[in-house]
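[1] Sequence first, then the predicted structure:
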Amino acid sequence: MFSKILIANRGEIALRIIRACKELGIRTVAVYSEADVNSLHVKFADEALCIGGPQSSESYLNIPAIISAAEITDVEAIHPGYGFLAENPHFAEICESCNIKLIGPSLENMKLVGDKMAAKQAMKKAGLPVIPGSDSIVKDKDEALKIAKRIKYPVFIKAAGGGGGRGMRIAHNDIRLASAFYMARSEAESAFGVGDVYIEKCIEEPRHIEFQILADEGKNLIHLGERDCTIQRRHQKLIEESPSPALDRKKRKKMGEAVIKGLKHIRYVNAGTVEFLLDKNGNFYFMEINARVQVEHPVTEMVTGIDIIKEQIKISSGKKLGIRQENINFTGHAIECRINAEDPDNKFMPAPGRIDTYHTPGGRGIRVDSHAYAGYDIPPYYDSMIAKLIAHGKDRKESIYIMQRALDEFIIEPIKTTLPFHQRVFNDEVFIEGRIHTGYVDKLLGEPEL
């Protein structure tokens, strides 16, 4: 087991990793930007080093500064969390050359799944159903038009090397395809440094289902069930739950077996997530693989009792999984709300600023993962999420009731947050009855499709 780990991240995920390390008897090193000097992950780590200015490029994306901090503090491993450098093969290569273990999948895994086209072809070869579309990078508008006519509109143009909804545009006809193609390429270039895009058939009104997996180097690979991430706005997840109300036992088993088969095919190691789209008829299609811990991992932890971060650390230290597929018990239902510092009445514009009052909900079945506190200044430089609120009940109905009262108890003032938006969703009959798809939020808010 490692004796000291550096956390190359910030906010609630950095704090979450620190807690897991402490419970494993591992010392921690926090790195922080000048804007995060008062962040809780700095306070609760055993050591902390400032690595640069407030912009991400000056700090959390500053690879030389992070490696220097790791060498100065003599750590054996780095946990990247999610976002920033979590899926960056160049960072993984540098860690490897410096004899520092990067907690996560292998460099080969990271390169493969980071290329969405390569991942799609690998899963197709393993026998998983994939969304109809291009078999490689689409070079120009004319090629895009030919593919769109073959698979029929509507179609998605997607960034090959990215995620989080960036570099993604929908087209319903030839005229719209041309503009969407160039917009997706431009956004992909800006966000990921590479403008490569591909085309897929748009599955209309789908659900977004993902399976959490863990795999050790001894070829023991298990899945921890699914999460339903259908509640999204502009392709950004807002609410996640497990199990999915859209899956029955037979469909869950079939999808779980496909996940195991696909990841064994690429010899995947550590934690990861396989994402699918589920159409109106219950058909599922492979979408992508995330080679990291997900924001919504607490949902799975609540229904399985398994600490995913601890398992990540153990696997990276060379330990074998002590869990078998047949020994996993799924208990109850869990739902997570992402609480962001955004104004839902003003097109969800970021709302950084000082928190004067901060009161978190409590009671049975409630978990709050957050780095915020009364007196904390939310900086304007990073993602706007300030808390994750997770409710766990004996079934979906009870977990919704628990979440409703928890949202009423949560007080964050005077800044604008998405708490009122979540209250609206959890009192909406369409959501309560589970009759949702990825366009649900846009329809709820009366917003146009991207």
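    Yep, that arrived. Numbering: from 1, shown residues only.

[2] what's near enough to touch S136?
    M117, Y198 (Cβ atoms under 8 Å, 6 or more residues apart in numbering). Where you see a C-beta, it was placed from the backbone N, CA and C, and this is true even at glycine.

[3] redo that, cut-off 6 Å
    Contacts here follow Cβ atoms under 6 Å, 6 or more residues apart in numbering; on that basis S136 touches M117.

[4] Look at it and report its pLDDT.
    Reported pLDDT at S136 in the predicted model: 86.

[5] quick one: secondary structure of it?
    Under DSSP: H, G, I helix; E, B strand; the rest coil, the three-state class of S136 is coil.

[6] And it, how far from G446?
    38 Å (Cβ to Cβ, to the nearest Å).

[7] With A334 instead?
    Separation of A334 from G446 (Cβ to Cβ): 30 Å.

[8] Looking at these two, which one has more neighbours?
    A334 (28 against 6; other Cβ atoms under 10 Å).

[9] Which strand or helix spans the spatially closest residue to that one that is not a sequence neighbour?
    Excluding the flanking residues, the one nearest A334 by Cβ to Cβ, 6 or more residues apart in numbering is M302, at 3.8 Å. Using DSSP states H and E, M302 sits within helix 297-304.

[10] residues of the longest helix along the chain that come out buried?
    For the chain, the helix that runs over the most residues, judged by DSSP state H, is helix 174-192. Within helix 174-192, the residues that qualify as buried are R176, L177, A180, F181, Y182, M183, A184, R185, E187, A188, A191, F192, counting by 16 or more other Cβ atoms under 10 Å.

[11] This protein - how does it break down into domains?
    Taking automatic domain parsing as the reference, the chain has its domains at 4-103, 132-201, 207-445.

[12] now the end-to-end length of the shortest one.
    As for domain 132-201, its first-to-last residue distance stands at 6 Å under the measure Cα to Cα, to the nearest Å.

[13] Ok, the longest one next?
    Criterion Cα to Cα; first-to-last residue distance in domain 207-445 is 18 Å.

[14] do stretch 125-145 as well
    OK, stretch 125-145 end separation, Cα to Cα: 26 Å.

[15] Just want to check the distance between the residue in the chain sticking out farthest from the centre and A148.
    Distance from the centre of the chain peaks at D142, with 33.7 Å (Cα atoms, centre = their mean). Distance of D142 to A148, given as Cβ to Cβ: 11 Å.

[16] same question, G25
    Relative to A148, G25 is positioned 56 Å away (Cβ to Cβ).

[17] neighbours around the closest residue in space to T418 that isn't next to it in sequence, how many?
    Computed as Cβ to Cβ, 6+ apart, the closest residue to T418 that is not its neighbour in sequence is N340, at 4.7 Å. N340 has 24 neighbouring residues, counting by other Cβ under 10 Å.

[18] Could you pick out the longest strand of this protein?
    For the chain, the longest strand by residue count, based on DSSP state E, is strand 221-233.

[19] what stretches of the stretch 51-200 of the chain score poorly on pLDDT?
    162-165 (pLDDT under 70).

[20] Nearest spatial neighbour of the residue most central in space within the chain, chain-adjacent residues omitted?
    Centroid check for the chain by Cα atoms, centre = their mean gives Q294 as the closest residue, at 3.7 Å. Of all residues not flanking Q294 in the chain, T273 sits nearest, at 5.3 Å (Cβ to Cβ, 6+ apart).

[21] I'd like the distance between the one you found and N9.
    In terms of Cβ to Cβ, T273 sits 17 Å off from N9.

[22] and what of D196?
    27 Å.

[23] One more: I51?
    For I51 relative to N9 (Cβ to Cβ), the value is 12 Å.

[24] Between these two, which is the more surrounded one?
    Higher neighbour count among I51 and N9: N9, with 25 against 22, using other Cβ under 10 Å.

[25] my read: that one touches G81, true?
    Yes. Using Cβ atoms under 6 Å as the test, N9 is close enough to G81 to be in contact (3.4 Å).

[26] Now the two most distant members of the buried residues of helix 174-192.
    Spanning the widest gap among the buried residues of helix 174-192 are R176 and F192, at 23.1 Å by Cβ to Cβ.

[27] Can you show me the helices along the stretch 1-150 of the chain?
    Counting by DSSP state H, counting those that start in this stretch, the segments of the stretch 1-150 of the chain that form helices are 11-23, 40-44, 63-72, 89-97, 107-114, 116-125, 141-151.

[28] What are the contacting residues of the shortest one?
    Looking back up the chat, that one is helix 40-44. So helix 40-44 is contacted by A14, L15, I18, A30, Y32, A48, H371 (Cβ under 6 Å, 6+ apart).

[29] The first one reaches I7, doesn't it?
    Translated: A14. Yes. Contact between A14 and I7 holds when scored by Cβ under 6 Å: they sit 4.8 Å apart.
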